[in-house]
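Q: Structure for the following, please:
(one chain, ligands or ions: 1)
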Amino acid sequence: TDLFTSPDYFLLDELLTDEQKLVRESVRNYVKKEISPIIEDFAQKAEFPEQVVLQLGELGCFGPTIPVEYGGGGLDYISYGLMMQELERGDSGIRSTASVQGSLVMYPIYEYGSEDQRRKYLPKLANGEWLGCFGLTEPDHGSDPGSMTTHFTDAGDHVILNGAKMWISNAPYAKVAVVWAKDEQGEVRGLIVERGMKGFTAPLTHNKWSLRASATGELVFDNVKVPKENILPNVKGLKGPLSCLTRARYGIAWGVVGAAMDCYDTALRYSKERIQFDKPIGGFQLQQKKLAEMITEITKAQLLNWRLGVLMNDEKATPQQVSMAKRNGCEIAASIAREARQIMGGAGITGEYSIMRHMMNIESVITYEGTHDIHLLITGMDVTGFNAFK
Ligand code: FAD
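A: All right, here's what the predicted structure looks like:
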């Protein structure tokens with residue numbers, strides 16, 4: 001029996017095309033068959049289920065909006081959003097793997113790469129033969145990536161890359177790393193660094209309490225010789241990484257609503273079955289308040305995401321709108337996970353249910369791709385015209 005019922009309080013399905021519904025259905029079935037049965041075990045062991053890479057490739061979850069001729073899905077942004085929603089309903093770590101591959105690795109190669117780079121990398125990244133990662137954050141530069149110190153110098157037909165990146169999703173398993181580093185003029189450039197290049201290592205980050213089924217690592221560059229043909233020719237400055245982040249954050253906005261839906265659905269079912277004081281706990285006003293607020297927030301976020309998807313499709317969405325949706329989605333998912341856990345009582349703290357795992361995962365999602373504070377400052381700057389970052 002299908003345990004999950006998608007909350008659709010405002011009949012939003014009527015706004016979706018048949019293709020979009022089909023995409024959602026196929027990812028939902030995949031999550032049910034391949035992710036839900038294994039994810040708790042991998043998260044508890046803090047292991048990355050590496051088999052998902054080929055599976056996600058086959059399913060079309062890598063680069064769904066990249067044109068078909070480069071191995072992408074040629075789909076619209078609402079389909080992409082629905083994919084991320086369904087994946088994150090399974091686990092934020094699995095969604096992270098897909099977000100990084102599609103929006104942070106394939107997108108920059110597609111948008112800013114040479115034709116040779118596109119042909120060499122995109123098809124293999126799309127089908128999951130190669131896994132990629134995105135190196136922007138450094139040990140001393142997180143929210144302020146413009147101050148990065150990773151840099152390269154010219155050496156004829158190649159450049160010499162030095163520096164280190166931290167908190168990099170997929171890094172320990174990645175064959176390809178899109179790395180942002182400064183050139184001799186101090187301009188940020190994108191480089192494609194490949195596993196096996198001498199002086200390049202990607203050690204695993206241990207002891208995370210969050211995103212445990214996603215492999216996070218460092219990227220260390222010790223005089224790495226990178227051929228000049230691996231530099232992305234068509235972008236300079238922070239616009240490069242930031243435009244990728246806009247795409248990934250868009251996917252996160254949808255994804256976290258998936259995690260929130262799963263928490264709500266689990267708590268709602270439990271509230272109808274758990275009897276205390278001779279009646280289902282769902283019959284008590286305090287529990288109803290929690291559930292009513294959850295479905296209200298989920299519905300508002302679904303509407304925001306759908307509208308944002310339309311604006312993305314029309315190329316009218318602003319990065320500031322994406323920030324608002326990412327921030328709001330994380331906010332409601334974090335509080336829904338917490339309330340849902342309380343509805344479950346003691347049962348809510350075990351791996352028997354997905355809620356505590358979602359709750360811990362969201363602690364990363366609320367921080368990466370721009371922290372909650374940073375997105376608030378982006379909205380603040382957008383509406384006032386004043387920069388409060390510095
Ligand atoms: P800091 O920037 O040091 O921030 C610390 C605190 O200060 C935060 O609360 C922040 O909001 C606040 N703060 C900072 N500046 C201001 C300001 N101007 N005003 C007010 N408050 C401020 N990065 C990648 O490049 N690639 C990845 O694949 C990737 N994956 C990640 C996976 C995980 C599991 C995690 C946890 C992180 C990942 N990151 C990745 C890094 C992530 O994007 C950074 O952690 C994030 O940008 C914040 O940087 P920081 O951790 O250095 O925190």
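Q: Under the pLDDT cut-off, which ranges of the stretch 1-150 of the chain? List them.
A: Where the stretch 1-150 of the chain drops to pLDDT under 70, the residues are 1-5.
Q: For the ligand, what's the nearest residue on it?
A: At 1.8 Å from the ligand, Gly142 is the closest residue in the stretch 1-150 of the chain, using C-beta to the nearest ligand atom. Backbone N, C-alpha and C define where each C-beta goes, glycine included.
Q: Need the residues that contact stretch 98-107.
A: With contact meaning C-beta atoms under 8 Å, 6 or more residues apart in numbering, stretch 98-107 is reached by 56, 61-66, 72, 80, 83-84, 87, 121-122, 125-126, 131-134, 169-170, 176, 178, 243-245, 247-248, 250-252, 255.
Q: one step back: contacting residues around the residue of the stretch 1-150 of the chain closest to the ligand?
A: Shown in contact with Gly142 (C-beta under 8 Å, 6+ apart): Trp167.
Q: again with Thr299
A: So Thr299 contacts Pro7, Tyr9, Phe10 (C-beta under 8 Å, 6+ apart).
Q: ok, and the first one, which helix or strand is that part of?
A: Pointing back at Pro7 there. For Pro7, there is no helix or strand it lies in under DSSP states H and E.
Q: Let me know how buried it is, in neighbour terms.
A: Close neighbours of Pro7, defined as other C-beta atoms under 10 Å, add up to 18.
Q: Please name the residues that touch it.
A: Contacts of Pro7 by C-beta under 8 Å, 6+ apart are Met261, Tyr264, Asp265, Ile295, Ile298, Thr299.
Q: Just say helix, strand or coil for the fifth one.
A: Classification of Ile298 by DSSP: H, G, I helix; E, B strand; the rest coil places it in helix.
Q: Now do the same contact list for it.
A: So Ile298 contacts Pro7, Tyr9, Val257, Ala260, Met261, Tyr264, Ile332, Ile336 (C-beta under 8 Å, 6+ apart).
Q: Which parts of the stretch 101-250 of the chain are strands?
A: Secondary structure of the stretch 101-250 of the chain, counting by DSSP state E, counting those that start in this stretch: strands at 132-135, 151-155, 158-169, 176-182, 188-194, 200-201, 216-227.
Q: Please work out which of those strands is packed deepest.
A: The highest mean neighbour count among these, using mean count of other C-beta atoms under 10 Å, belongs to strand 132-135: a mean of 29.
Q: Establish whether that one and the ligand are in contact.
A: Yes. Strand 132-135 lies within reach of the ligand by C-beta under 6 Å from any ligand atom, at Cys133, Phe134, Gly135.
Q: Would you mind pulling up the elements that that strand packs against?
A: Judged by 3 or more C-beta pairs under 8 Å, 6 or more residues apart in numbering; DSSP states H and E, the packing partners of strand 132-135 are strand 158-169, strand 176-182, strand 216-227.
Q: gap between the residue nearest to Glu363 when sequence neighbours are not counted and the ligand?
A: Nearest-residue entry for Glu363: Ser210, 4.7 Å, with adjacent residues in sequence omitted and distances by C-beta to C-beta, 6 or more residues apart in numbering. As judged by C-beta to the nearest ligand atom, to the nearest Å, Ser210 and the ligand stand 6 Å apart.
Q: Burial check on Ser210, number of neighbours?
A: Neighbour count of Ser210, defined by other C-beta under 10 Å: 20.
Q: need the contact list for it.
A: Neighbours of Ser210 in contact, by C-beta under 8 Å, 6+ apart: Met360, Asn361, Ile362, Glu363, Ser364.
Q: Rebuild those as TSV, extending it with distance to the ligand.
A: Below are the contacts of Ser210 laid out as TSV (distance: C-beta to the nearest ligand atom, whole Å):
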residue	distance to the ligand
Met360	11
Asn361	9
Ile362	11
Glu363	8
Ser364	4
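Q: Helices - which of those residues land there?
A: Met360, Asn361, Ile362, Glu363, Ser364 (DSSP state H).
Q: The ligand contacts on the stretch 101-250 of the chain?
A: Residues of the stretch 101-250 of the chain lying near the ligand (C-beta under 6 Å from any ligand atom): Cys133, Phe134, Gly135, Leu136, Thr137, Gly142, Ser143, Trp167, Ile168, Ser169, Leu211, Thr216.
Q: so what's Phe134 bridging to?
A: With beta bridges defined as DSSP bridges, Phe134 has these partners: Val178.
Q: Dump stretch 21-30 to CSV, keeping only the CA atoms.
A: Taking C-alpha atoms only, stretch 21-30 is exported to CSV below (Å, rounded to 0.1, in the frame of the first residue of the first chain):
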residue,chain,number,x,y,z
LYS,A,21,2.6,14.9,-12.7
LEU,A,22,4.3,12.0,-14.5
VAL,A,23,7.8,13.2,-13.5
ARG,A,24,6.6,13.5,-9.9
GLU,A,25,5.1,10.0,-10.0
SER,A,26,8.2,8.4,-11.4
VAL,A,27,10.5,10.0,-8.7
ARG,A,28,8.0,9.2,-6.0
ASN,A,29,7.9,5.6,-7.0
TYR,A,30,11.7,5.5,-7.1
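Q: Enumerate the positions of that stretch that are buried.
A: Val23, Arg24, Val27, Arg28, Tyr30 (16 or more other C-beta atoms under 10 Å).
Q: how about Cys263, what does it touch?
A: For Cys263, the contact set (C-beta under 8 Å, 6+ apart) comprises Met294, Ala333, Ile336, Ala337, Ala340, Arg341, Ser354, Ile355, His358, Met359.
Q: Need the max-distance pair from the contacts of Pro7.
A: Spanning the widest gap among the contacts of Pro7 are Asp265 and Thr299, at 13.7 Å by C-beta to C-beta.
Q: So for Leu308, what's the pLDDT?
A: Listed pLDDT for Leu308 reads 98.
Q: so which strand or helix has it?
A: Per DSSP H and E, Leu308 falls inside helix 285-313.
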